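J.: With the input below, show me the fold.
(2 chains, ligands or ions: 3)
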Protein chains: 2
Amino acid sequence: MEGEDHLAFERNKAQFDVDAMKIVWAGSSHAFEVTDRMSRLVASDPAFRKDNRPMLGRKELFKSTLKKAAYAWKRIIELRLTEEEAGKLRSFVDEPAFTDLHWGMFIPAIKGQGTEEQQQKWLPLAHKMQIIGCYAQTELGHGSNVQGLETTATFDPKTDEFVIHSPTLTSSKWWPGGLGKVSTHAVVYARLITDGKDHGVHGFIVQLRSLDDHLPLPGITIGDIGMKFGNGAYNTMDNGVLRFEHVRIPRNQMLMRVSQITREGKYVQSNVPRQLVYGTMVYVRQTIVSDASTALSRAVCIATRYSAVRRQFGANNGGLETQVIDYKTQQARLFPLLASAYAFRFVGEWLKWLYTDVMKRLQANDFSTLPEAHACTAGLKSLTTSATADGIEECRKLCGGHGYLCSSGLPELFAVYVPTCTYEGDNIVLLLQVARHLVKIVSKLGSGKKPVGTAAYMGRVEQLMEFRSDVQKAEDWLNPNAVLAAFEARAARKSVACAKNLSKFTNPEEGFQELSADLAEAAVAHCQLIVVSKFIEKLQQDIPGKGVKQQLEILCSIYALFHLHKHLGDFLSTGCITPKQGSLANDQLRSLYSQVRPNAIALVDSFNYTDHYLSSVLGRYDGNVYPKLYEEAWKDPLNDSVVPDGFEEYVRPMLKQQLRNARL
Amino acid sequence: MEGEDHLAFERNKAQFDVDAMKIVWAGSSHAFEVTDRMSRLVASDPAFRKDNRPMLGRKELFKSTLKKAAYAWKRIIELRLTEEEAGKLRSFVDEPAFTDLHWGMFIPAIKGQGTEEQQQKWLPLAHKMQIIGCYAQTELGHGSNVQGLETTATFDPKTDEFVIHSPTLTSSKWWPGGLGKVSTHAVVYARLITDGKDHGVHGFIVQLRSLDDHLPLPGITIGDIGMKFGNGAYNTMDNGVLRFEHVRIPRNQMLMRVSQITREGKYVQSNVPRQLVYGTMVYVRQTIVSDASTALSRAVCIATRYSAVRRQFGANNGGLETQVIDYKTQQARLFPLLASAYAFRFVGEWLKWLYTDVMKRLQANDFSTLPEAHACTAGLKSLTTSATADGIEECRKLCGGHGYLCSSGLPELFAVYVPTCTYEGDNIVLLLQVARHLVKIVSKLGSGKKPVGTAAYMGRVEQLMEFRSDVQKAEDWLNPNAVLAAFEARAARKSVACAKNLSKFTNPEEGFQELSADLAEAAVAHCQLIVVSKFIEKLQQDIPGKGVKQQLEILCSIYALFHLHKHLGDFLSTGCITPKQGSLANDQLRSLYSQVRPNAIALVDSFNYTDHYLSSVLGRYDGNVYPKLYEEAWKDPLNDSVVPDGFEEYVRPMLKQQLRNARL
Ligand SMILES: Cc1cc2nc3c(=O)[nH]c(=O)nc-3n(C[C@H](O)[C@H](O)[C@H](O)COP(=O)(O)OP(=O)(O)OC[C@H]3O[C@@H](n4cnc5c(N)ncnc54)[C@H](O)[C@@H]3O)c2cc1C
Ligand SMILES: Cc1cc2nc3c(=O)[nH]c(=O)nc-3n(C[C@H](O)[C@H](O)[C@H](O)COP(=O)(O)OP(=O)(O)OC[C@H]3O[C@@H](n4cnc5c(N)ncnc54)[C@H](O)[C@@H]3O)c2cc1C
Ligand SMILES: [Ca+2]
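T.: Ligands and ions are numbered 1, 2, ... in the order given. Next up is the predicted model:
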């Protein structure tokens, strides 16, 4: 029955225009067109096959990644793809590789921190991949605390060189992707030392391997740091270890846009504002937030389709059993994740705008919005990646036993995603940065300086401290203003309460440490408010397509009310709402789940993912799950032979009571 | 510096007798002695090496598991180990294998469901491993709904045989461990059909493979279902698929303890009470709860030791940085998990008692406590396994980037653990069973029949509905009665509220479906109360050893107050406590974290785990993390050569701009 759509009956239930929703999801018609074209290009090319990944040993796996990366680059050149198209193509290849760091970290670091001259020298080489670079910051002993890095770059005025050195074991670079086996170059972060003086951590372009024979250059030790979580997953990447034994590089390989070392060894600052680095941070984190919505939506798509296929219990007289998607517990776990995927999409979109806004202001030497933009991206990175990691695993559990098979696609999706909670800022460390920002805002509230951007609501703190929700019936919670007011009041009160408790400490830093768990909670409340408010703002725009806006309104309400229910303690303890109002929100939530139910399949179809990209038997577009699960099983190497390797040596002697003499 | 204890300064801080705590953790001096001896036996034998698991391909991995299983069995025989010792030895080998199902499901199924005669025939063979058995219940299309299984066992009176058959694709047995490659026999669950009548699902002993050449017998198709989540992990197990094409077995291979088919094909019930099967369920779930405390404590041990080794930020003038275990956010994430490990230990211990109590009553035909015992084990299985799965992943995140390496041990611990949330009852399905039980109790409250066991508190429902906590200062929360009363009131009120909402529905089943998410929450509240109350009961016993009881009191308070804080919405919305009291609980929690801090390392040392069992560079007893991480890295197969396989074919052409002609 190849070709039959087992989910057609679900698709027919949809109450909105799926094609219009696809464009909303993609961000624009143009974005949809490019995404759609690139995803099909990858899906239709057998060279990009990836379903065999879990079965490959590390070496085979890595070799196949090298091949795919080269092939992708070849296609990019042959098809003369634009930068946008090339980026999309790489993302649909869906396999972590050295190219991610080369394009995503090495080149941006040179662009952001290199002088014009340095950019002119290095970027053309990098753009043509005549050199391959990585980003070597983290060390065995230092990750979060970048200022504590131990690698040194000591200026030698005699030869006009820096001497790069790893003085301790813990100073070994550790984790950089692409470093272990592939990169020819790296941006290395090291303490700059001139004349015995330590100027703190700076970036340096260092050649690591010979462009002839690919061997590490003299004084350089490099290797791979070993297997990471999961099958396939991040094991396609050569995260590496790197040590320097007094390695010399010319002075002009220090990235000198912001500060320089002169020929005489003098440390001087340029007139380029240091704050520029924040621009890059905002940019990187914005992509992480939008990637979170992608990862979460993939998992949700799989779990939603399978929940409509899977039937369990409830058959009357031999009829069909109940689709598990019809169980309210299943809905209460799944639909908030569906809503979150959309919510993160829109907040990611807004962050893109924020980035361009920040850059425009920087160019005009306006730094006023920078702290807020920085805090807000830090918080959203933390919030969305934590929720996505947990959400993927929840989707796996929603698939019951079959979700545990690699062929479900969910184990690899989880394993490859979770480090996002750790890199580009550990999620807890980031929340504490947001909390510092919030406390600062509260402390300045009396000064007349109005908080800006996503913290603007704090300017209405007096009003928010007085606020009592006026919700009287369940449907009142569908009013965006009711929701927004409750989330604003909760966030403001949590920050104010923290600030008040902090003021009881004579040493503010000690107080911050002692109360940090509460402060992190205040930061979460603030970030959830941002997500809710950006979703609501999105809905204030014109959104074409039959029923599209209505569906999004439902999802927005689900996102908000689910979090209100989950964090009910916050809302009640701050007195923003009453227990009765909390219970009404819960009633409304149940009714919203029923409204999503007929649209669920269409809402995940709107992501427009190919079966190749999902790489999940459970998430197949056509819902033809069981025959394909059965087929997949036989591909396992263990099924190469009926009697397994090892039977004669180990199992037969057991069965025949001859273990005593067996050679084990 | 081999041999130096880098955590000695932490161990010196302990304020209690670690050796005494080890005995409390183990359950008794005897249990400690056996556990200690078996864990050392395994740890000291290189045949049980397991650190190479992540690097092995599926076939190699599986073969090495067969070898270890045979070797373990050989040692068990050679050393004439008792059943208890053998069980411990297998658990310290720490590798899922066909033997788990043979000893843990196949033999117990025959014991529980077989007649005396059947036991006499099959058990000696199984005990000597002359046959190897598995437990074949789940099918491709049916897991949770056992009553919906499709495999048929049709009685043929002509030949006095059953014909076992797989009528559909979805009736294929799917998931049974040990089935795919090893088992010679299985207990197969199938619909019993006599004379066209379907008597529902029953168990049958079926030989699957020839005892000569190990090939599947005629009419039988078997294979492995493929790779599962993670490196190593459950991939050492041959979870299998199985199909029958009209396979005949003698009538006496139906497990006939409870019901029989006569020679004439008549279906008759024996006088053995059907409820006996619940006894087995209570037994299996009790072991799952106690395994939860083991798995969680392993992860907590790793994360705690590493958090004391890891330093990040906060150095003054080049001094040592702050140990990350000193950050309050780290404590607020880690210590509740430490407390949970102990809490689950003690509730597991209590369940052991409950099992013997239930069995005693069953033998005396007293079924009165059975529904309650059944609900309570279902709920505790769900609660403890969900918390453990989440807790392991949280411990991994607590280790920052290095937790993502397989050498941290945490990825495999997570991947091998998570299916526990799904098998032996999906955790959500189980919560709904508990909820049904609670609703029934509430509905009978007027009848004068007092609820028993862990539901006894519901007998005081009127008083609990009136309850208002009288906590006035933070320390009041250290009083076990204050805690217990709040948890009882919250649980009772949630159940009563659900029952009240249910009564608004004319169709109670429809109401149950509609409100099931709330019902599951009520079940969680009930189960958390059980854990809290069993911990408190434990502390009412005499516990010897300097400072041991004090530490356990602290952990008990942390467990309770952490959950009070986490579920504050429940406590506030039911009016059990005031916001002020909630905030006092939070203050008390912070102070408890400070009290645990100096004892943290000693509290995880008390688990008495060997470095072999932990299999984690981060969790090493001696804290010598960095040199060992560095050493481990070089063992990865990718480091076999300096220039990676694939460089010449794929990377060089890229660097040299010769991709156009490259063969890709
Ligand atoms: C897959 C992967 C890829 C990576 N790729 C790269 C790369 O290409 N280049 C590169 O340079 N690096 C890379 N990294 C490293 C990554 O950036 C670091 O792992 C990350 O910055 C976290 O730092 P850490 O590992 O030192 O965590 P730690 O800081 O050691 O965190 C350990 C624990 O301490 C807590 N903690 C730390 N400081 C504080 C504090 N002040 N207050 C409260 N709690 C605290 C954390 O919350 C965490 O629970 C990668 C890592 C991974 C996992
Ligand atoms: C590693 C592993 C080992 C196993 N070993 C064995 C073995 O040795 N022998 C054996 O026979 N089986 C084995 N199993 C199978 C296991 O017992 C089943 O996977 C388990 O019973 C869950 O059933 P399911 O997979 O059908 O989940 P499903 O029931 O399909 O669950 C899918 C989703 O539906 C939801 N759902 C289902 N019913 C309801 C309901 N009534 N109300 C609300 N929600 C519902 C669930 O909560 C879940 O979210 C194993 C499974 C695994 C993963
Ligand atoms: Ca492998």
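
J.: use CA for all of it now, contacts and neighbours both
T.: Will do.

J.: what about the helices in the stretch 551-664 of chain A?
T.: A:568-573, A:579-596, A:600-605, A:611-614, A:625-633, A:652-655 (DSSP state H, counting those that start in this stretch).

J.: Let me know the helix or strand that the nearest residue to A:Q137 once chain neighbours are set aside is in.
T.: What sits nearest to A:Q137 in space, not counting adjacent residues and going by Cα to Cα, 6 or more residues apart in numbering or on different chains, is A:Y189, at 5.1 Å. Using DSSP states H and E, A:Y189 sits within strand A:185-194.

J.: A:I164 now?
T.: Assigned by DSSP H and E, A:I164 belongs to strand A:161-165.

J.: Report the angle between that strand and strand A:185-194.
T.: 100 degrees (axes from the mean of the first three to the mean of the last three Cα atoms, to 10 degrees).

J.: Run through the residues that contact the residue in chain A that ligand 3 sits nearest to.
T.: Closest residue of chain A to ligand 3, Cα to the ion: A:G57 (4.5 Å). The neighbours of A:G57, taking Cα atoms under 8 Å, 6 or more residues apart in numbering or on different chains as the test, are B:55-57.

J.: Could you do A:V289 as well?
T.: A:V289 touches A:344-345, A:347-348, A:380-381, A:384-385, counting by Cα under 8 Å, 6+ apart.

J.: Could you rerun that using 10 Å?
T.: A:295, A:344-349, A:351-352, A:377, A:380-385, A:388 (Cα atoms under 10 Å, 6 or more residues apart in numbering or on different chains).

J.: Spell out which helix or strand contains it, please.
T.: Remark: A:V289 resides in helix A:276-309, with elements defined by DSSP H and E.

J.: Just the buried positions in that helix, please.
T.: Counting neighbours by 16 or more other Cα atoms under 10 Å in any protein chain shown, one finds that the buried residues in helix A:276-309 are A:276, A:278-286, A:288-309.

J.: now that helix, how far from the chain's geometric center?
T.: Centre-to-centre, helix A:276-309 and its host chain are 6 Å apart (Cα atoms, centre = their mean, to the nearest Å).

J.: So for it, mean pLDDT?
T.: Average pLDDT, helix A:276-309: 94.

J.: Okay, now the unreliable bits of chain A?
T.: Filtered on pLDDT under 70, chain A yields the residue ranges A:1-2.

J.: distance of the residue of it found nearest ligand 1 from B:H6?
T.: Closest approach of chain A to ligand 1 (Cα to the nearest ligand atom) occurs at A:G143, with a separation of 3.0 Å. Distance of A:G143 to B:H6, given as Cα to Cα, to the nearest Å: 21 Å.

J.: do the same with A:S407
T.: 43 Å.

J.: Is there proximity between the helix or strand that A:E537 is a member of and ligand 1?
T.: Under the criterion of DSSP H and E, A:E537 resides in helix A:516-540. No. Helix A:516-540 stays clear of ligand 1 (Cα under 6 Å from any ligand atom), getting no nearer than 8.0 Å.

J.: ok, the nearest residue to A:D160 once chain neighbours are set aside - how many residues close by?
T.: Nearest non-adjacent residue to A:D160, counting by Cα to Cα, 6+ apart: A:R251, 5.8 Å away. Neighbours of A:R251 under the rule other Cα atoms under 10 Å in any protein chain shown: 22.

J.: okay but A:R251 is in contact with A:K158, surely?
T.: No. Using Cα atoms under 10 Å as the test, A:R251 is too far from A:K158 to be in contact (11.3 Å).

J.: Pop out the phi and psi values for A:F92.
T.: Main-chain torsions, A:F92, degrees, to the nearest 10: phi -80, psi -20.

J.: for it, what are its contacts?
T.: The contact partners of A:F92, by Cα under 10 Å, 6+ apart, come to A:35, A:38-43, A:48, A:86, A:609-610, A:612-614.

J.: again, only using 7 Å
T.: A:F92 makes contact with A:39, A:42, A:613 under the criterion Cα atoms under 7 Å, 6 or more residues apart in numbering or on different chains.

J.: excluding its backbone neighbours, what's nearest the first one?
T.: In other words, A:S39. Closest to A:S39 by Cα to Cα, 6+ apart is A:F92, at 5.8 Å.

J.: what's the distance between that neighbour and A:A295?
T.: Going from A:F92 to A:A295 by Cα to Cα gives 12 Å.

J.: same question, A:A153
T.: Counting by Cα to Cα, the separation of A:A153 from A:A295 is 39 Å.

J.: Same check on A:G446?
T.: From A:G446 across to A:A295, the span is 42 Å (Cα to Cα).

J.: Next: A:Q588.
T.: Distance from A:Q588 to A:A295, by Cα to Cα: 28 Å.

J.: what does A:V434 give?
T.: On the measure of Cα to Cα, A:V434 and A:A295 end up 24 Å apart.

J.: next one: A:S495
T.: A:S495 sits 31 Å away from A:A295, going by Cα to Cα.

J.: just A:G196 next, same as before
T.: Going from A:G196 to A:A295 by Cα to Cα gives 48 Å.

J.: Any chance of the helices of the stretch 551-664 of chain A in JSON lines with distance to ligand 2 and mean neighbour count as columns?
T.: What follows is the helices of the stretch 551-664 of chain A, written out as JSON lines (distance: least, Cα to the nearest ligand atom, whole Å; neighbours: other Cα atoms under 10 Å in any protein chain shown):
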{"stretch": "helix A:568-573", "distance to ligand 2": "24", "mean neighbour count": "24"}
{"stretch": "helix A:579-596", "distance to ligand 2": "15", "mean neighbour count": "19"}
{"stretch": "helix A:600-605", "distance to ligand 2": "16", "mean neighbour count": "24"}
{"stretch": "helix A:611-614", "distance to ligand 2": "19", "mean neighbour count": "20"}
{"stretch": "helix A:625-633", "distance to ligand 2": "12", "mean neighbour count": "16"}
{"stretch": "helix A:652-655", "distance to ligand 2": "21", "mean neighbour count": "20"}
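
J.: Redo the ones you listed as a markdown table? Include distance to A:W122.
T.: As requested, the helices of the stretch 551-664 of chain A are arranged in a markdown table below (distance: least, Cα to Cα, whole Å):
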| stretch | distance to A:W122 |
| --- | --- |
| helix A:568-573 | 52 |
| helix A:579-596 | 52 |
| helix A:600-605 | 43 |
| helix A:611-614 | 34 |
| helix A:625-633 | 47 |
| helix A:652-655 | 64 |
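
J.: could you dump those to a markdown table with distance to chain B?
T.: Compiled in a markdown table, those are given as follows (distance: least, Cα to the nearest Cα, whole Å):
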| stretch | distance to chain B |
| --- | --- |
| helix A:568-573 | 4 |
| helix A:579-596 | 5 |
| helix A:600-605 | 18 |
| helix A:611-614 | 16 |
| helix A:625-633 | 4 |
| helix A:652-655 | 4 |
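
J.: Can you list the buried residues in the biggest helix by length in chain A?
T.: Longest helix in chain A, counting residues (DSSP state H): helix A:328-363. Neighbour-count burial for helix A:328-363, counted by 16+ other Cα under 10 Å, picks out A:328-352, A:354-355, A:358-359, A:362.

J.: if we look at chain B, which of those residues are close to it?
T.: Among those, proximity to chain B is found for A:328-329, A:332 (Cα under 7 Å from any Cα of the partner chain).

J.: Output those in TSV; the columns should cover distance to B:V182.
T.: Output for these, formatted as TSV (distance: Cα to Cα, whole Å):
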residue	distance to B:V182
A:K328	40
A:T329	38
A:A332	40
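
J.: What is the nearest of those to chain B?
T.: Checking these against chain B by Cα to the nearest Cα gives A:T329 as the nearest, at 4.9 Å.

J.: wouldn't that closest one be in contact with B:A517 here?
T.: Yes. With contacts counted by Cα atoms under 7 Å, A:T329 reaches B:A517, the gap being 4.9 Å.

J.: Could you list the residues of the stretch 351-500 of chain A in contact with chain B?
T.: Counting by Cα under 7 Å from any Cα, the residues of the stretch 351-500 of chain A near chain B are A:400-401, A:404-406, A:411, A:419, A:422.
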